[in-house]
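In: I would like the atomic coordinates for the input below:
(chains A, B and C)
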Amino acid sequence: MIGDPASGDFAPRLLRWFDRHGRHGLPWQHPRTPYRVWLSEIMLQQTQVATVVPYFLRFVERFPTLPGLAAASTDEVMAHWAGLGYYARARNLHAAAKRCVERHGGELPQDFDALHALPGIGRSTAGAILAQAWGGRRAILDGNVKRVLARWHGVEGWPGAPAVEKRLWALAEAHVEHVPDGRMADYTQAQMDFGATLCTRANPACLPCPVREGCSALHEGRVDALPTPRPGKPLPEREAVALLLENARGELLLQRRPPTGIWASLWTLPQADTDALMRRWFAREADGDYDAAEELPLIVHTFSHYRLRLQPRRLRKVAPRPGVGDNEDLRWVTRTELAALGLPAPIRKLLDSL
DNA sequence: AAGTCGGGGTA
DNA sequence: TACCCAGACTT
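Out: Numbers count the residues shown, from 1 in each chain, chains lettered A, B, ... in the order given. All right, here's what the predicted structure looks like:
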């Protein structure tokens, strides 16, 4: 029967393919310690391998161990994450490291529920860590696996819909039962390599596919139609004003974002939703002529759920009020210090262009 | 069930 | 441009 999970052939065939054609030289595989597996899984959430690799290498060089990460400051952790996106991941990673030191003897717990209870570790990531770090018989369900299983089993519906996702989890767990002992780490990696290199979203390579026999989508001629795409939605727009203030020494005034929300815990330019609010903030914090500010090129930045139109305005030789700009969340920064701080990518780009 | 969180790859 | 990606968390 096409796409029948009871046909138990799926996992062994995928493993045979992985041994010859899988990715065996990724940095978190050498050495494959629980801490490095965990870090890689967090960084790889919604982020492609090629993007993650340089961040991973810099991160483990600075924070080689879990206790070392737990002992680091928020600023330094964020600085090593800046540019990677989804900054809640870094905050959760740091919090989870501290909790491991407090409750688990400075190591990751091997128990699924304890792992799942750590911030930033959901069902799929917990499974991936258990399988890759200790060979646990646990399923994963990331974007790759969803796409592969939707095709192989001919599952209709957008995989983000809870009912569809539930069905896919059941299929993923059924396949895990047919993985040979001692090969869970390889099987987990094999699924991701297969989805990333052969069973890709566009132009999948069905000819050399190791599981083409038994693939429902291929059999039905629906490979390009599965998985069902997300239902469309219009993208709302928001506007904001940012202020680039320089003092007589050429330092810039930066503000730390709150620990939640957009660009959480990153340093960025003082920002307000409207020009009037920005003007009010300036009158409170500094002395000078706000209307003398020079308009810099508009920054249009697209997030997953809205588009931000950010108008930067530049004002030089600003005289700050006494006491302003020397506290934890608002401070003057030299060009040299800028490099060590975590800045959102579009803000970094703007400052680099000056 | 829908919304919140980025930056980059790809067509 | 629009969609997607090694998801998790909040409401």
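In: make it CA atoms for all contacts and neighbour counts henceforth
Out: Noted.
In: Give the burial count for A:I121, as a bare number.
Out: 22 (other C-alpha atoms under 10 Å).
In: my guess is it contacts A:D113, does it?
Out: No: using C-alpha atoms under 8 Å, A:I121 makes no contact with A:D113, being 10.3 Å away.
In: what does the stretch 251-354 of chain A put close to DNA strand B?
Out: A:260-264, A:303-305, A:344-346 (C-alpha under 7 Å from any atom of the strand).
In: switch the cut-off to 6 Å
Out: Listed as neighbours of DNA strand B in the stretch 251-354 of chain A under the rule C-alpha under 6 Å from any atom of the strand: A:261-264, A:303-305, A:344-345.
In: Now neighbour count, pLDDT and secondary structure too, for the residues you listed, in a markdown table please.
Out: Shown next, in a markdown table, are these (neighbours: other C-alpha atoms under 10 Å; pLDDT from 0 to 100; DSSP: H, G, I helix; E, B strand; the rest coil):
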| residue | neighbour count | pLDDT | secondary structure |
| --- | --- | --- | --- |
| A:G261 | 10 | 85 | coil |
| A:I262 | 14 | 87 | coil |
| A:W263 | 21 | 90 | coil |
| A:A264 | 19 | 88 | coil |
| A:F303 | 11 | 82 | coil |
| A:S304 | 6 | 77 | coil |
| A:H305 | 11 | 81 | coil |
| A:P344 | 20 | 91 | coil |
| A:A345 | 15 | 88 | helix |
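In: What are the phi and psi values at the closest residue to DNA strand B within the stretch 251-354 of chain A?
Out: Residue of the stretch 251-354 of chain A nearest DNA strand B, by C-alpha to the nearest atom of the strand: A:G261 (2.8 Å). Torsion angles at A:G261 (phi, psi; degrees, to the nearest 10) stand at phi 90, psi -170.
In: what about the strands in chain A?
Out: A:237-245, A:252-256, A:267-268, A:271-272, A:286-287, A:294-295, A:299-302, A:307-315, A:319-320, A:326-327, A:330-333 (DSSP state E).
In: Of those, which is nearest A:S216?
Out: Taking C-alpha to C-alpha, strand A:299-302 is the member of the strands of chain A nearest to A:S216, at 36.5 Å.
In: For the residue lying closest to A:E294 once chain neighbours are set aside, give its distance to DNA strand C.
Out: Distances taken as C-alpha to C-alpha, 6 or more residues apart in numbering place A:R314 nearest to A:E294, at 4.9 Å, with adjacent residues excluded. For A:R314, the distance to DNA strand C equals 25 Å [C-alpha to the nearest atom of the strand, to the nearest Å].
In: Would you reformat the strands of chain A as TSV and include mean pLDDT and mean neighbour count?
Out: Listed next are these as TSV, based on pLDDT from 0 to 100; neighbours: other C-alpha atoms under 10 Å:
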stretch	mean pLDDT	mean neighbour count
strand A:237-245	91	19
strand A:252-256	92	22
strand A:267-268	92	26
strand A:271-272	92	20
strand A:286-287	84	15
strand A:294-295	92	14
strand A:299-302	85	14
strand A:307-315	91	18
strand A:319-320	76	17
strand A:326-327	64	11
strand A:330-333	90	18
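In: Point out the residues in the stretch 1-150 of chain A that sit beside DNA strand B.
Out: A:46-47, A:51, A:83-87.
In: one more time with 7 Å
Out: A:45-48, A:50-51, A:82-88.
In: Of all the helices and strands in chain A, which has the lowest average confidence?
Out: Least confident helix or strand, chain A: strand A:326-327 with a mean of 64, by mean pLDDT, DSSP states H and E.
In: A:G157 reaches A:P231, doesn't it?
Out: No: with contacts defined as C-alpha under 8 Å, A:G157 does not count as touching A:P231, sitting 9.9 Å away.
In: Those two: which has the busier surroundings?
Out: A:G157 (17 against 7).
In: burial measure for the residue nearest to the more buried one when sequence neighbours are not counted, as a count.
Out: Spatial nearest neighbour of A:G157, excluding adjacent residues (C-alpha to C-alpha, 6+ apart): A:T228 at 5.2 Å. Neighbour count for A:T228, taken as other C-alpha under 10 Å: 16.
In: Quick one, grab the pLDDT at A:T228.
Out: Listed pLDDT for A:T228 reads 92.
In: re earlier: quick one: which of the residues of the stretch 1-150 of chain A next to DNA strand B is most hemmed in?
Out: Busiest of these [other C-alpha under 10 Å] is A:A82, holding 24 neighbours.
In: for that residue, what are its contacts?
Out: A:266, A:342-345 (C-alpha atoms under 8 Å, 6 or more residues apart in numbering).
In: any idea how far it lies from DNA strand C?
Out: As judged by C-alpha to the nearest atom of the strand, A:A82 and DNA strand C stand 15 Å apart.
In: and if you look at A:I262?
Out: For A:I262, the distance to DNA strand C - C-alpha to the nearest atom of the strand - is 12 Å.
In: ditto for A:A126
Out: In terms of C-alpha to the nearest atom of the strand, A:A126 sits 6 Å off from DNA strand C.
In: swap in A:T274?
Out: According to C-alpha to the nearest atom of the strand, A:T274 stands 22 Å off from DNA strand C.
In: And the residue nearest the centre of chain A?
Out: A:Q45 (4.5 Å; C-alpha atoms, centre = their mean).
In: which residues touch stretch A:118-128?
Out: The contact list for stretch A:118-128 (C-alpha under 8 Å, 6+ apart) reads A:41-42, A:89, A:92-93, A:95-96, A:99, A:112, A:115-116, A:136, A:138-142, A:188.
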